[in-house]
Structures are given as structure tokens and as C-alpha cells.
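Colleague: 3D, please:
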Amino acid sequence: MQTPVPFAEDRKNLQIQYAEALNPSQLEAVNFNEGSLLVIAGAGSGKTRTLTYRVARLVEEGVLPGSILLLTFTRKASQEMLKRAATLLDNRCERIAGGTFHSFANAMLRRHASQTGFTSGFTIMDRSDAEALIGMLRKEMGIVSKSRAFPRKQTLANIFSRSVNKALSIEEVISYDYPHFTSDSDDIILLYREYKKRKAEHYLMDYDDLLTYFQRLLKDHPQIRAKISSSCRYIMVDEYQDTNQIQADIVYLLAESHKNIMVVGDDSQSIYAFRGANFRNIMEFPEIFPDTKVIKLEENYRSVQPILALTNVIIDRAVEKYSKNLFTQKSGGSIPLLVDTLTENSQSRFIVDKIMEFKQQGIPLNEMAVLFRAGFHSFDLEIELGRYGISFVKVGGFKFMESAHIKDVLAHLRVIFNPYDRISWYRILLLLDKVGPKTAQNIYEEILREQSGYTGIFAIKDKATRAKGIDRLKDLFAQIDSNPMSVAEMGATVLNYYEPILVDTYDDHPKRARDLEHLITIMERYHQLESFLADMALEPPNTSIDDNLSLDYSNKDHLILSTVHSAKGLEWHTVFIIWTLDGRFPSIHALNNEEDLEEELRLMYVAATRAKENLFFSYPMQIYDRSSGLMLSRPSRFIDRIPHDLLERRTIGI
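Modeller: As a prediction, this is how the structure comes out:
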């Protein structure tokens, strides 16, 4: 085993002036030598700086770069840290083994492939490759019944991956996340077994296999484990609260012999359980590694003190946590504000007014962000932003006009308003079974010949078109034509018709159904179909952006709309957190599960700690939740009953 390096006792001759660059807690972590260290890094407390300086300090005091392993969740994160360390010291820091869990596992598995039953030339499948193999096997096994829905290959890949990352059986994943596929459990399990078998036969590994095979290699081969552990004498792990059980096991096995392990993270920002992150990993680290030293980074470099005073109270409500008290040297700052509004649209108009006010004060749009628990929470706000010409990008979720199921429902309403709308007719006709472009064209031309508006479809003969579903579509339009309806009633009627199509088309139809229910609530404030459709047509100038944690917000002309999950690690001058309504944030589905509720609390904490200068919470009062039949009217339990000297309150009835 490698002999520990004797660290320099006299640090006066070191190139880097660590004591001048770091606060006392950071310095203590950077100067830590041998043993296990847990750094609880509060939001905005400089964890990256701490890791970077420790890398530089180890190298400067004589530790061989090749014996240092830095594990991160993105390659970009490790590269940036090593580059900064090299700038502080010299290019020796760039020779450190740094990368993601997956990249390190890949390198070790290729070096020791013969011990895993593979060859060093095994092929790594990306997500699309994995889905293609699943789709091929599904077809080969003939388990897809034409009489019922069966998960698509993308959904099956999600189920398989979630099973691995959350250490759950396939049955448990289906029961918890995809209960509408419970009747298909046996076939899904058979397919999963065949998927695993086929990968092994053809020397294929998906991303999850890299971790599971590496874990198995370390467990089953003590000599190899000792060799790898000896070469990785100093291990550091970033964002430890986001590790899953397999990654935590790998860390333990790598550091088991020498115990020189430093993990950095924040239990209060553990919000990715749906991806497999295990909150217990960071909480139980001192038990797994006895004699662990715990250092807390509590000085915040991001937010003003009034914001920190509030966020400290929010997270203090967590049942299980590492207690911390964030503070800052920054002066000034206003008390955060909780605004309750009469309606959702009142909430949207309040936010638009404040954004325009701040913009006039010289705050760029990209220094302001609106955060929300779920993507559909911003729908009404997007409409209002479009009305006032405020450009934005949306991270996580989707925009109204870019979501297929929203477009489908709107298309039915558009042909009612304008029966000559060829694009909308084609869209709703192509949703029908056995209707292709040519059939859709024939039906559309027949409707035009009738010259009786959208009711022209009544003349279409099912036998002539061979299209299934025409009769249901006729019934829909007959129902709307024969009964005076409000805009919302019309939408609800279309939604009732569309629901079987939604279920048949999308594996995540329960989530999309909630989006559509929210669309109906927006329709309730319109008295005319024309004005509703006109607002829906006001597309914002920017396209939405998929879930991306490292987005570059360099364009100053765009406001940021983001789910909280996508906002972690980012910061803005001014932050609005909308729909802080009990039953929306926390989600109504989390209210009866203590673990889920705790994660929702941490999610609120993450949202609030994104703000540097201004922080606003808002919620509409008296919202009817269709799924539960409840009227939601309380502010989020996470911010309710907080003293007024920490959180001001205001009611706006516009």
C-alpha cells in the first residue's frame, strides 16, 4: 500500500496564500489531511472554490496528481475545477484523475474486463441505442397486444433505468411511478430479463451497467479493489447528496482501505430522488466512515441577509438535517414578500408588473427568474408575458404551443371557431385510427363541400373513409353544436373526448392529463372562444429549452422561466416563486408521504436560495383541484406562519 505523503508543516513557503483566499471553514476543509471528511456546503457557500483549493493544496504539498481522484456529476464540472486549480498552481493539477462516476467506471472496467465476463472492447449503448434494442426485443417477443396499450420503448427504458438507480424491483417501479401499467407487469419483467440477457450475449453495456458492473468488480475481486484503492489515495466527491445507492457503495469500496475520502454536498439540496438520488447517503456518511470530521460552510456569498434569514427558517422545518445557519457579509436587502392574489391571472399580472418595474430600474431580464414546481404552472404567465412582449426562455417543462397534447385539444376548438382551418382539421383527423394524410385530405374536402361549418363532418360516411373514430368525432361536434356552452365547458367536452386518445398516445398520460386540466382553469376566465384562441396564438419569440442544469443565460433580453429542479446551482438578482399554494407546492401527491414531503421542503429551500437581492412568493387563492375534488386556498405549509419580520404579506385583488 502507498505510504501517506508527509504534509508540509511550514506552510509559509507555499505558492498559494490559502488563508487569505478562504474563510475559516473553507480553510479548515482545504487543510484537511488524512481520513474521512464530510463538508456540508450550504447554498452559495463556495463549495467549488473549496474543492479547487484542496486539489491545489494536495498537489502543492507533494501528493502525486495521479493518486488524486475527483468524482463529479458532469465532465464539465471536473474540468472546470482542475483548470482553476491549474491556474492557481500549475499544470500538474490537470493530471489529476477527474471525471464522472460513469467515465471512471468505464476506464476501470476496460482495464479489468476479463474479470467481468466482458472483453475490453465492450460497446457502450447510449440512451437511443438502449431504446432501439428494447423496441427490437419487444417486437421479437410478440408481447405487444393490439387490443391494449403497452409501454413504448422510451418508457420501458425509463422503467429499467429507474429500477437500477433506485435499487427497486421492476414491480415496485411500476407500482409507484406507472400504476396504469400494472396489468402489464409480467410482460415488462420478461422483457427486462431478455434485455439483460441480450446485452450480456453481445457485450453491450448501457449507462447503468457501467456502475453496476464496476460495483460488482470491486465487491467480488478484493485484489483488484485493493489495487484501484491504492492508486486512488485521495478521493473527493462533489454533490454527494445526489449520489444513488450504487455510487455510494462504489465510494465506500474505493476508500475502504485508506479512508482518505472527502465528500462535499448539502443535504438541504437533495431534490433528485426521482432520478435515484438517495438522501440517506449523505446523512449516514459518518456512520459508514466512523471518525468522520464534519465541517459546515455557512458563509453565503450570494444572497442578502433578509433572504438568508428566511431560508434558514424554511429549512429548519426539515425533520432530518444537518443544522446550519447561513449568514453573509453583504449589507442591505429587503424582506422577502408573500403575495396572495384573487386568481391565477392576477398572479401573472402582478409578476409582469414587477418585472417591467425592475427592468425600468436597470435590472436585465436575464437577471430575473420565475421558478415553479411543475412546468404547467407557468402557462398563464407565458400568455401574459406574450401579451406584453416580454421575451423569455423556459427551462424544464414545455411551452403551451410546443406541447403536442395542448395542440391537439386546441385544434378541436379552432375548427369550431374556423371550420376552414385546414391545419387544425388535419391534426384532429390524423389522431384517428387508420387515417393518413390522404384520407384526412378527402375528409376535409368533403367537409368543405357541405358548406355547413364544422358540422359538415356529419355528412362523412365511415364506410367510405374506412376511418375508425369518425363517429366519436361526430358525436363530439354534435354535443357542442346542440348545447350552449361557455368556453371552459367547451374545453371540458373536448377533453372528455380526447382522453382515450391521450391514453393511447402517451405513456405519461396521467401527467399530461393534469396539464390539460390546468388548461381548463385558464379557459374559465374567457367569455369568448375567439379571445381565448387569440391569446393561445401569441407564441413567445423563443423556443423552450429542455431540462438543462448548465444553461448559458448570456442573452440579457430574455427572462428566465424554470422548474426548480432545473434551477439548482444557478442564481439571479430577483426571483419569483409562483404557485406557492398548498397542494401545488408541495404537490398534492406528496402530502401523505413523509419522505416526499421532506423533499418538497428541500425543493422550496433550493428555489428560495437562488435569489441574490429580491425574493417573491405568490399564489392564487381558491383554486379547485379536479383530481382530488378539494378547494386549495392555503399558502404553502413551508412558508405559512413565518413571522412578518421575516416574510411580508400582501393581498392583491387585480
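Colleague: could you say which helix or strand contains residue 262?
Modeller: Using DSSP states H and E, residue 262 sits in strand 261-265.
Colleague: so who does the residue nearest in space to the middle of the chain touch?
Modeller: Nearest to the mean C-alpha position of the chain, by C-alpha atoms, centre = their mean, lies residue 565 at 4.2 Å. Contacts of residue 565 were listed using C-beta atoms under 8 Å, 6 or more residues apart in numbering, and they are 271-272, 396, 547, 603. In short, each C-beta sits where N, CA and C put it, glycine included.
Colleague: inside helices: which ones of those?
Modeller: Those of the contacts of residue 565 mapping onto helices are residue 603, per DSSP state H.
Colleague: so which of the contacts of residue 565 comes closest to residue 258?
Modeller: Minimum distance to residue 258 across the contacts of residue 565 is 29.4 Å, recorded for residue 272 (C-beta to C-beta).
Colleague: so which bits of the longest helix along the chain are buried?
Modeller: Using DSSP H, we find that the single longest helix of the chain is helix 487-505. For helix 487-505, the buried set under the neighbour-count rule, 16 or more other C-beta atoms under 10 Å, comprises 487-488, 490-495, 497-498, 501-502, 505.
Colleague: let's see it as CSV, backbone CA atoms only.
Modeller: Output of helix 487-505 as CSV, limited to C-alpha atoms (Å, rounded to 0.1, in the frame of the first residue of the first chain):
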residue,chain,number,x,y,z
VAL,A,487,-65.5,28.4,-23.2
ALA,A,488,-64.5,26.3,-20.3
GLU,A,489,-67.4,23.9,-20.8
MET,A,490,-66.5,23.5,-24.4
GLY,A,491,-62.9,22.7,-23.4
ALA,A,492,-64.1,20.2,-20.9
THR,A,493,-66.2,18.5,-23.5
VAL,A,494,-63.3,18.3,-25.9
LEU,A,495,-61.1,17.0,-23.1
ASN,A,496,-63.6,14.2,-22.3
TYR,A,497,-63.5,13.2,-26.0
TYR,A,498,-59.7,13.4,-26.2
GLU,A,499,-58.9,11.4,-23.1
PRO,A,500,-58.9,8.0,-24.7
ILE,A,501,-56.6,9.3,-27.5
LEU,A,502,-54.3,10.8,-24.8
VAL,A,503,-54.2,7.4,-23.0
ASP,A,504,-53.5,5.6,-26.3
THR,A,505,-50.8,8.0,-27.5
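Colleague: got any ranges where the protein has weak pLDDT?
Modeller: 1-12, 121, 144-148, 397-402, 450-456, 459, 461-468, 534-556, 654 (pLDDT under 70).
Colleague: tell me where the stretch 301-450 of the chain has strands.
Modeller: 337-341, 368-372, 392-395 (DSSP state E, counting those that start in this stretch).
Colleague: what's the most buried one of the ones you listed?
Modeller: Of all these, strand 368-372 carries the top mean neighbour count, a mean of 27, counting by mean count of other C-beta atoms under 10 Å.
Colleague: which other helices and strands does that strand contact?
Modeller: For strand 368-372, the packing partners by 3 or more C-beta pairs under 8 Å, 6 or more residues apart in numbering; DSSP states H and E come out as helix 344-360, strand 559-563, helix 564-567, strand 572-577.
Colleague: can you add distance to residue 418 and give these back as TSV?
Modeller: Below are the helices and strands packed on strand 368-372 laid out as TSV (distance: least, C-beta to C-beta, whole Å):
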stretch	distance to residue 418
helix 344-360	25
strand 559-563	30
helix 564-567	37
strand 572-577	36
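Colleague: between those, which gets nearest to residue 372?
Modeller: Nearest to residue 372 among the helices and strands packed on strand 368-372 is strand 559-563 (6.2 Å), distances taken as C-beta to C-beta.
Colleague: can you list the strands that that closest one pairs with?
Modeller: strand 368-372 (parallel), strand 392-395 (parallel) (DSSP bridges).
Colleague: would you list those in TSV and tack on distance to residue 624?
Modeller: TSV is the format used below for the strands paired with strand 559-563 (distance: least, C-beta to C-beta, whole Å):
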stretch	distance to residue 624
strand 368-372	19
strand 392-395	26
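Colleague: which among the ones you listed is found nearest to residue 105?
Modeller: Per C-beta to C-beta, nearest to residue 105 of the strands paired with strand 559-563: strand 392-395, 29.0 Å.
Colleague: from the contact counts, what lies against the strand or helix carrying residue 198?
Modeller: Residue 198 belongs to helix 185-201 when assigned by DSSP H and E. Counting contacts by 3+ C-beta pairs under 8 Å, 6+ apart, helix 185-201 packs against helix 127-141, helix 153-165, helix 170-177.
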